[in-house]
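Enquirer: I would like to see how this sequence folds:
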Amino acid sequence: MAASTITRDVFGTLPDGREVERVVLRGEGAFEARIISYGAVLQALIAPDANGGYDDVVLGHDAFAGYLAERKFLGATVGRYANRIAKGQFSLQGETVQLAVNNGPNALHGGLEGFDRKLWEIAEIDEGAEPAVTLTYVSPHGEESYPGGLDVRVTYRITGPTELSLLMEARTDRPTVVNLTNHSFFNLEGATSETSILDHRLMVAAEQFLAIDPTAIPLPEPPRSVAGTPFDFRKPWPVGERIREGDPQLRNGRGYDHTYCLGRDGKLALAARLEAPRSGRIMELFTDQPGLQVYSGNYLDGTMSGKGGKLIRQSDAMCLEPHIWPDAPNRPDFPSPRLDPGAVYRHHTVYRFSVRSP
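Expert: Numbering: from 1, shown residues only. Purely as a prediction, here's the structure:
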């Protein structure tokens, strides 16, 4: 009898007694993705290495208590608006919307209780050739001060032997803004390897990036060329090779914490490639989103423990977050995050794993 491609169990319990479920999707060999219903979190992603082994490559927690105790967005589905909105304020339909300010002077990742802190419903399980789970969440009008009720669907699907696809969709009953992403922290040497990602080799398929002020809001200028700067990853470079150069933008981000401008036009295409030197793991990220936030784990400070009880330190992992550009509700020159009734917000990202050739 063939092994099941999907299993489902209870991962934990919320203080109000509601159960948090975990769904495991299996691909080829020991490749698998583990998703929990709290925050629609990618709790683990088990990928092969060049020596025939498998290991978990995303930071997180072994037990649910860790996710509940601290809000660090580990593997979470982030919304209603991923990244930052300046001063937590924007205008829509001639009215000013004031959001909670939760990151210095700005709004970050959906507010005080974003989608990462919600219990999602497991709406569909597909045990076919491409095993999948669909989670749904209904955000009411006015939640975190965002206008419009929002119906959100997130589908994780195994679409290749070692490939995970993520499809996010949303519909609204009145004009609003939407910008969703997955906030996984990757270390391709392994989540408990106690190694830095600074020697990972990164390629980003982008000619331009958004320069930021010290609060990480894009400056009032067009995107800058990466040419001649430490932000040029058009060819693979070790993440840490130029991270300590005296560039003002590295100072503002405390490292890399910048949006790269992809110019996708809604078409799925290669955005980034990450390779670990010891394990030989390679991850290619494809997306249809116009931006990719590259974050080198600058604010991980060793105060939180993760899987295996290991402390999570600066540069222990990095994020590659596809999404619309930050502060876009205030920037008509940026890709628009507006969603109107009758339209569908759509975000498609694919994580494809392979190993370095001998």
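
Enquirer: make it CA atoms for all contacts and neighbour counts henceforth
Expert: Noted.

Enquirer: what about stretch 187-203, average pLDDT?
Expert: Regarding stretch 187-203, the rounded mean pLDDT is 97.

Enquirer: check stretch 267-286 too.
Expert: Average pLDDT, stretch 267-286: 97.

Enquirer: how much distance is there from that stretch to the middle of the chain?
Expert: Distance of stretch 267-286 from its chain centroid, counting by CA atoms, centre = their mean, to the nearest Å, is 15 Å.

Enquirer: what's that stretch in contact with?
Expert: Stretch 267-286 has contacts (CA atoms under 8 Å, 6 or more residues apart in numbering) with 47-51, 187-189, 197, 199-206, 262, 287-289, 292, 348-356.

Enquirer: so Glu144 belongs to a helix, correct?
Expert: Yes - judged by DSSP: H, G, I helix; E, B strand; the rest coil, Glu144 forms part of a helix.

Enquirer: report pLDDT for the residue lying closest to it once chain neighbours are set aside.
Expert: Closest residue in space to Glu144, ignoring its immediate chain neighbours: Gly111 at 6.1 Å, by CA to CA, 6 or more residues apart in numbering. We note a pLDDT of 97 for Gly111 in this prediction.

Enquirer: Gly111 contacts Ala100, correct?
Expert: Yes - checked against CA atoms under 8 Å, the pair Gly111 and Ala100 is within contact range at 5.8 Å.

Enquirer: just to revisit the earlier point, what sits against the residue nearest to Glu144?
Expert: Taking CA under 8 Å, 6+ apart as the contact definition, Gly111 lies against Leu99, Ala100, Val101, Asn102, Glu144.

Enquirer: let's see that with 10 Å instead.
Expert: By CA atoms under 10 Å, 6 or more residues apart in numbering, the contact list for Gly111 reads 78-82, 84, 88, 99-103, 143-146.

Enquirer: residue boundaries of the helices in the chain?
Expert: 64-69, 248-253 (DSSP state H).

Enquirer: contacting residues for the residue lying closest to Asn182 once chain neighbours are set aside?
Expert: Using CA to CA, 6+ apart and skipping the chain neighbours, the partner closest in space to Asn182 is Thr77 (4.7 Å). Thr77 makes contacts with 38-42, 109, 114-118, 154, 168, 180-184, as judged by CA under 10 Å, 6+ apart.

Enquirer: now with 7 Å?
Expert: Counting by CA atoms under 7 Å, 6 or more residues apart in numbering, Thr77 touches Gly39, Ala40, Val41, Phe115, Asp116, Thr181, Asn182, His183.

Enquirer: so how far is Pro222 from the third one?
Expert: As defined by CA to CA, to the nearest Å, Val41 lies at a distance of 34 Å from Pro222.
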